[in-house]
Structure formats: structure tokens, C-alpha cells
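> Make a model of this:
(chains A and B)
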Amino acid sequence: MFSRFISGAMVCLLAVVMLGASPASRFDKLGHEMMCACGCGQILLECNHVGCPDSDRMIGELRAQLKGGGADTAILNWFSTKYGPTILAAPIRGGFDNVAWITPMAVFLLAIVGTGFLVVIWKRRTRGAGVVVAAAGDAATVDAMRERIRRETEY
Amino acid sequence: MPEFGWFSLLLALGLSVYTLVAGAAALWRTRRRVGVAVDDGSGRLGETARRAGIASFIALSCAAFALVWASFTNDYSVSYILHHTNRALNPAYKFSALWSGQEGSLLLWAWLLSMYGFVLRVRHKVDVRLSAFAGTILAGIQIFFLLLLNFAAPPFSIQPGPVAADGFGLNPLLQYPEMVMHPPLLYLGYVGFSVPFAFALGALMMRYPGEKWIHITRRWTMVTWLFLTCGIFMGAHWAYSVLGWGGYWGWDPVENASLMPWLTGTAFLHSVMMQEKRGMMKNWNVWLIFSTFMLTILGTLLTRSGIVSSVHAFAQSDIGNWFYGFIIVIFAVCLFTFFKQRDHLKSENRLESLVSRESSFLFNNLILLVACFTVLWGTLFPILSEYVQGSKVTMGAPFYNRVNIPIGVFLLFLTGIGPLLAWRSTSLRSMRRNFVLPTVAMVVALVTMVAVGLRPWNAGDDARATWFSLITFTLAAGVITAIASEFLRGAAVVRTQTGKNLLKSTILLVRRNTRRYGGYLVHFGIVVMFIGIAGGAFNQSHEQEMGYRDQMTLGPYRLVCQSFTQDSNPNYDTEYALLDVYKYGKKITQLAPERRFYKASQTSSTMVALHSTLENDLYVIYEGRNPDTDKPIIKVFINPLMNWIWIGVLIVVLGTVLALVPNMARSAARARMELEPPVAEAHHV
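Have a look, this model is predicted:
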């Protein structure tokens, strides 16, 4: 059963990796990874200004680049060289641009691991303190405990 | 009228300065007499400060009225009115001109702040001393905005030279019904966080005993959060309906600026429960609310200083330095107070188990803060990149979507499991009991989705988006089942106790604990929103020139152009097309997408035509005419599940309102107390 599951998972993974992209979907993908140069702040294929001075020309250039058979990265680099790095909708040139991607993920992982670690430490400390609370059994403690239970089960 | 406005602003500044100075002096003189009324004049001095604070609200109301009056009477001697209105402008938009520019929006900010201050000062008997602290801090914040209004960005500046016959008009993008509501709601949210901030800082300054300040500020925080939520989503709906690019959230710095305090505010609303119940996370909560307030100011700085480029460029100016200074002062005051009083913030309890409600709150808080950090990081990275590499980069939707979607999915997961965990520690038995149904629901949903064709491994380039949609739909099924089972389990207990039917038992259950079940309803709304957002993975679009009787087919829809023409009114010229819409061969509606050209501002704007259903939105844009053929260019989007987002927001609003309603038992007890003679009053004093 387990080996079948693994085989299925491998097939799925290969399908994702090996499937080729059609020119139309590449055009759509790359067109959404660039900004329009007109300064509207919109994604190239979403720029909807009538008479926009740049989007039609850029879309034509994108089609020409795709026809030329360039890889996605090469096409994006071509646009970045021609229009400057701000033409890319996200920093993908490598080098310091990688910091943009790594930092949020690093913070996310650190936060998860750090919190888990913190909870484990607190749990250990609380275990020691719990004995003292359990030992005290006078009426005042019981009343305080009742009040605490009421508060903690309210919502 | 401009002179009256000027005078009102100056008077408001004077009154606010008095509120701050006299209020601080009164608090200083009574600093070691907590809870004791000493008639050495301090009480009267404090009272004059309170009344001055109330009067500043009246003065600012007069100033706001003066600007609106100038707008309605077409007083183009006022520079602001000249630049943001014109004679042909619809009266509703003449009113909204109050917040359509820099100076007006600052005036709105100051006025709303004074209004919150007014309510706080009128209700000061809830806790006189804490309210005095909060009122004094609010006066300090108000002084900053009044200094801006009096000296840096005056809304009543007189235009030099002869008075113009007509104004330059309102930005066309703002001439839309939602724009009359969106900015005030957003500002009510932004400004509203000043109140819990002032209470938190005041409580820390006076070493307020216990957690009562949290009870006092809970409603303030929830109402503020509700306003901010409504403001953000109304803005998203406006962007969807007006900007005409088929989306609703563009990750523009101004949008980010509103999202960041919402995220930290949401974290605060959750973690504050831990302080209320178990006396934990006091340091954390204080800094959360400090950060939320500072983020509202930072957001304003980012969008008004011009340090990051934004499509909301109409709001940019050179007042950024004022905001830098203000943030530094606020941060210094918070830091100083925190270090001086930090021994007051010791936790009464510690976490006892990784599998507990507290732990889930902690993770939920961290994930919300990571999301906030990501948004802040993305907003500021272009500045950092320019500093390090010498060139700016663009942080657009591809960056935010890729980084934030996994965080959002994890948050959805926590939304589901959090309420199922017990406080302190969850036993294995209780976990089994609570988690079986949601797990079954998730498995059923997953199998069903795959069976109906949602197969990411076949999705080619869209594989990533499809994976996240599949995960979101699966988790959503689990979370909805978990929430429903919480309601049903509680209702079943009530039914056993009262013998009422399930519906009545559920209503009774909710009325007995509105906060808990209102919270669940909010979670349900968030899940519905996530479902709507996940639908975005299946968007389709097509663009085509459409002459008379030309047709376009997209998905199940066929559009036939019946005509295209032009029209005109005093405010704008318009071009539009009439399109018959058929679904599976049957005519369902006629749509008229249009493009307007506003005469006063000489700019154009899109009016999107929408056919909205639960299944999808047919979103049609008139992009203009091809100058060679004179035929209109029509762009059509099919946006699946869009309505779920707006429905989700309505559920969130309903849930928050429900959580604000007092519990039935508490209301009944209060009513009984009011009937009884006030014998306990002496003890209370």
C-alpha cells in the first residue's frame, strides 16, 4: 500500500515537473511577471489605459521574444536590461534580490521553531510550579481556583 | 467661511494644548494617590482639561463644517476646494471632497480623533483616572495633527490671484458611490486604534492594577477593527469595480499600509484573551497595541512622504518629516514607559502544553505578525535595494502572492484547530473527539475536489495556484465542520437542559455567550473569504474588438454586441457598448461597460459592467476604441467565486457585531441590579 502511495506521489511530481508549457500560457505567465512601463503601476497584461504609450509595444516585444525561442529567464533579463530592473514585477535577478525572498521565509520558519521551543521551555518550568499549587488546599485556594475555572471556561 | 475654518483650527490647537498640559499637571499632582479623591485643585484642573478636550471636538467639527460648506458653495478662493471640486460635481462627491486630498484627509483624521476623544471623555466615569490618562495621551496625538493642519498642510489656504470661475474637479477614480464611504471607514479604523493605544499606555504609566483596562478597551478595539475591516474591503470592492483590471487587491503601498495595522490589530484581539483569562502575555499585548498604532502612523508616512511610489499619488507631499519626528517621539515614549514599568507586566501564568488554546493563540499571533512583517518588508525592500544595489526594484503581486499564500493557508489551518483545543492542556481523548469530524470532512472534500477535476498535477503552469486552491478548499471544509460542530455540540447541551428545539437552543446558546459564538462566526466569514480568494486560481480573460453583432465566447458565456455609442452630461462624456450576454445559449442579461471622460480634470475612467453570481463574476471592461476600425475593444474576465469574498466580509461584520452584544445572562443580571436599591454604591466608592 505504502509503495503504491509513493509511486503515485512520484508520478504526480513528474507530471508537474515534466509537463511542457504552451506558448499561450508562457505569454500569459511572463506577461504577468512584468509591469507596464507607462508608470501606471499595473502588471503588463493588466494595464488597461486607452492609448497607453507602452503596453502594446511591450506586448509585441514579448511575443517576438517568445517567437525567438528564448527561455523565460532570458526574456525577463532582456526586458530588465532594456527598461531597467523595475520592469520586473518581483525581484528575480539573483544576488541581493534573493534577500527579498529568503527573509520572509526565514522569519516564518524562525517564528514557528522559536515559538515551539519557547512553549517547551515554559512547559518544563510550569511542571515544577504545579506541585506547589496542588499542595495548597485551603478554602481560599479552592475559591480562587473556582473563580479561575469560571473565568477560563467562559469563552 | 475660510476665516472661520482657520480660527476653528487654531482654537482646536489651543484647546488641545491646554488638555495636554493641564491634564498632565493634574495627573502628576495626584500621581501617588491612586483611587483617592483629594480636593487640592487637581480634580478641578483635570476636569477643565477634560472639558477643553470636549470643546476641541466642537472646534474641529466647525472646521470640518467650514470646509464642506466651502465645497457646497463653490468657494474657489480656497485652494483646496479649487483643486478638488467643480460646479458640476454631484453633491455626494462635493461632500467627499473633504477627504479627497492631503489637507482634507488630515482634517478628517483630526476630526475623527477628536470625536473618539469626545466619546472617551463623556464616558470618563467608567474609570476616571484611567480615562484622564488616555484623554491626555489622545490630546498629545491630536496636537500633532493640529500642528500639521495649522502650519504644514492648511486646508483653508487662499488661492492667490482672482477667484476662478470653476474648479479643477475631483479625481475621477474617486467619483464612485463606495468612495463616499471607504475613506471615512478606513480612517475610523486607523484613528480608532489611538484609543486602545492611549488606554494601554495610560494603564502602563499609572501601573493600573488588574486587567480592567482590557475590558474597557475591548469594545473600542473591536469596533475599530470592524471599521478597518469594512474600510479595507470596501476599498477592495472599489478597486474591483472601478480600476478595471479584473482584480481587487494590487499590493500597492497604500493598501499595504492599511493591511499592516489590521494584521497586528487582529493579533491583539486574539492575544488579549490570554491576558484576560490567564494573566499571560502582558508585555506582548502592550507592544502589539503600541505597534498597531505606530503602524497606522508609519502607513501614513509611507504614503504621504513619497518615499515609496504608489498609485495613490494624489496624497503625496513633503510632510513626511513631520511623521518621522512623530514616530520617533511615540516610540521613545513607549520604550521609556515600558522599561520604567516593566515589572508591572509580569505574567501570572505560563504555557503548560504545546497542545492548548494558549499555544494556538501564540502561533496565530506569530503568523499574523509574520504576515505583517512580509507586507512591511515588501513595501520597504525597494528602498533597501536602492541603498544596497543602487537601483530600485518592484515588489508587485507575484512577490506578495508567492510569500503570503503559504502563510495565509497556515493561518486558515490554525483558525480551524484553535477553537477545538482546550485552555491549559488538551487531553488525547478530547482531541480525538473534537478532530474526528473535521478530519473526515477534509478527506471527503479532498476526494470530491480531485474527482470533479481539481488536479494540480495536470494544471501545467497553473500548478502552484491550483495546489493552493485544493489545500484551501480542503482546509475550509475542515474548519467549517469544526465551527458547525462547536455550535451543534453546545446547542445539544442547551436542548437537554431546556427541552427546546435545536434552532431555539442554538439561538439561546449564542445569546448566552455572544463573544465566543460571534468569534466563531467571524472565523466562518474568514473561511468563506478564503474560499473566494482561492477561486482566483481559475480566472479566465479574453480581449477582442467588437463591432455591431460581433460575438465573443469565454467559458459558458457568449457576448453579442448590440450597439456602441456616446453620450454626454455636464460632468463627463461617455462611450459605451451594449452587450447581450448568453449562458449556455440562453440570454441572461444585457451589460453596458463604459468609459468616461471627465471634463474638469481632463482624465478618463472605466465603469466596469458586472454580472455577479455565487458561481462566478462576468466582468466586462470597455477599453476604448481602435482608432483604425473605430470599433470598441472589450475585455472580459470570468472571476470564479468572487462573491464569496464579499459574502465572507458580511459574515465577519455580522460576527463582530454579535460579539459586541452583551451576553443574555449578564444583561439580565444588570437589569436586576438596576431594579434593586443602590445599597452597594457606598462600597463601590
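> quick one: which helix or strand includes the residue nearest the centre of chain B?
Taking CA atoms, centre = their mean, the centroid of chain B lies closest to B:L228, which sits 2.1 Å from it. Using DSSP states H and E, B:L228 maps to helix B:212-238.
> next SSE after that helix?
Later in the chain than helix B:212-238, the nearest helix or strand by DSSP H and E is helix B:253-278.
> Centre of the chain to that next one, how far?
Here helix B:253-278 is found 11 Å from its chain centre; the criterion is CA atoms, centre = their mean, to the nearest Å.
> Name the next helix or strand downstream of that helix, please.
helix B:282-305.
> Mind giving me the packing neighbours of whichever helix or strand comes after that next one?
The C-terminal neighbour of helix B:282-305 among helices and strands, as given by DSSP H and E, is helix B:320-341. Judged by 3 or more CB pairs under 8 Å, 6 or more residues apart in numbering or on different chains; DSSP states H and E, helix B:320-341 is in contact with helix B:128-147, helix B:194-205, helix B:282-305. Every C-beta, even on glycine, is put in place using the N, C-alpha and C of the backbone.
> what's helix B:320-341 in contact with?
When contacts are defined by CB atoms under 8 Å, 6 or more residues apart in numbering or on different chains, helix B:320-341 is touched by residues B:144, B:147-148, B:152, B:201, B:204-205, B:207, B:283, B:286-287, B:290, B:293-294, B:297-298, B:300-301, B:304-307, B:345.
> Is there proximity between stretch B:193-212 and chain A?
No. Stretch B:193-212 lies out of reach of chain A by CB under 8 Å from any CB of the partner chain, never closer than 10.1 Å.
> Kindly check the end-to-end length of that stretch for me.
End-to-end distance for stretch B:193-212: 18 Å, by CA to CA, to the nearest Å.
> coming back round to it: which one of the helices and strands packed on helix B:320-341 has the most crowded surroundings?
A comparison of the helices and strands packed on helix B:320-341 by mean neighbour count, using mean count of other CB atoms under 10 Å in any protein chain shown, puts helix B:194-205 on top with a mean of 26.
> Using the three-state scheme, assign whatever residue of the stretch 501-650 of chain B ends up closest to chain A.
Taking CB to the nearest CB as the measure, the point where the stretch 501-650 of chain B comes nearest chain A is B:G624, at 3.2 Å. Using DSSP: H, G, I helix; E, B strand; the rest coil, the secondary structure recorded for B:G624 is strand.
> Hmm, it is touching B:R595, no?
Yes. B:G624 is in contact with B:R595 according to CB atoms under 8 Å; the separation is 6.2 Å.
> With neighbour numbers in mind, choose between the two.
Neighbour count, other CB atoms under 10 Å in any protein chain shown: between B:G624 and B:R595, B:R595 has more, with 24 against 18.
> Tell me who's in contact with the closest residue to the residue nearest to the centre of chain B other than its chain neighbours.
Leaving aside its chain neighbours, B:L228 sits nearest to B:G189 (2.6 Å; criterion: CB to CB, 6 or more residues apart in numbering or on different chains). By CB under 8 Å, 6+ apart, the contact list for B:G189 reads B:T224, B:W225, B:L226, B:F227, B:L228, B:T229, B:C230, B:G231, B:I232, B:S258, B:P261, B:W262.
> Pick out the lowest-pLDDT one from these.
Looking at the contacts of B:G189 by pLDDT, the weakest one is B:S258, with 89.
> Give the bridge partners for the residue of the stretch 501-650 of chain B closest to chain A, please.
Beta bridges link B:G624 to B:I633, judged by DSSP bridges.
> Quick one: list the elements packing against the helix holding B:L228.
When contacts are defined as 3+ CB pairs under 8 Å, 6+ apart, helix B:212-238 sits against helix B:128-147, helix B:177-192, helix B:194-205, helix B:253-278, helix B:642-660.
> Make a markdown table out of the helices and strands packed on helix B:320-341 and add mean pLDDT and distance to B:K631.
Output for those, formatted as a markdown table (pLDDT from 0 to 100; distance: least, CB to CB, whole Å):
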| stretch | mean pLDDT | distance to B:K631 |
| --- | --- | --- |
| helix B:128-147 | 92 | 52 |
| helix B:194-205 | 92 | 54 |
| helix B:282-305 | 86 | 40 |
